[in-house]
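Undergrad: Fold the stuff below for me.
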Amino acid sequence: MSDGTEPIADDELLYRRVPEAWFDRKTDARPSPLAFKPREGDVTGISVSRGKYKTPEQAAVNQSGKSYYVAVLRAGDLRTCGMDVVARPQEGDPGHAEIPELTFASRQTPTAKGFQLLLAERLCREVLGPFPEAS
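TA: Model prediction:
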């Protein structure tokens, strides 16, 4: 396996961790657009995990101990709709990538809000989880 700096192929799966509050399987099979809203730390884009480096379960791991769902995306679908996904490996996480069109600075723009809606309603292929399984 490489170090994560290689370009992301169009057929590569991407995983976005989704808090339980932003997905309710009983009311909708799609996550809330809030699952794709940039937070203050998203200076260069929202984070996703590359499927060639992590399983959905690994993508859901977090420090808080809370359960998370995982939204599954495909890189080529994002590109077809005007977004990109770029490899940004971090120490200990070669599968880290970002969607540069969705930054904290741009979060209130009509374009960013449109991309969030598009990711939630059309580009999310499925939602897996919760991980770890809620008791």
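
Undergrad: So which bits of whichever helix in the chain runs longest are buried?
TA: Ranked by residue count under DSSP state H, the longest helix found in the chain is helix 110-118. Neighbour counts over helix 110-118 (16 or more other Cβ atoms under 10 Å) mark 112, 113, 115, 116, 118 as buried. Using the backbone N, CA and C atoms, a C-beta is placed for each residue, glycine as well.

Undergrad: what do you get for stretch 20-39?
TA: For stretch 20-39, by 16+ other Cβ under 10 Å, it's 22, 23, 30, 31, 32, 33, 35, 36, 37, 38.

Undergrad: gap between that stretch and the chain center?
TA: 12 Å (Cα atoms, centre = their mean, to the nearest Å).

Undergrad: Likewise for stretch 19-39?
TA: With Cα atoms, centre = their mean, you get 11 Å for stretch 19-39.

Undergrad: and if you look at stretch 110-117?
TA: 14 Å.

Undergrad: How about stretch 89-104?
TA: Distance, centroid of stretch 89-104 to centroid of chain: 10 Å (Cα atoms, centre = their mean).

Undergrad: likewise stretch 21-40?
TA: Worked out by Cα atoms, centre = their mean, stretch 21-40 lies 11 Å from the chain centre.

Undergrad: give me phi/psi at residue 74?
TA: Per-residue torsions, residue 74: phi -120, psi 130 (degrees, to the nearest 10).

Undergrad: where do the helices sit along this protein?
TA: Listed in chain order, the helices of the chain (DSSP H) span 56-60, 75-80, 110-118.

Undergrad: closest one to residue 13 among those?
TA: Proximity to residue 13 (Cβ to Cβ) singles out helix 75-80 among the helices of the chain, at 7.8 Å.

Undergrad: buried residues in that closest one?
TA: For helix 75-80, by 16+ other Cβ under 10 Å, it's 75, 77, 78.
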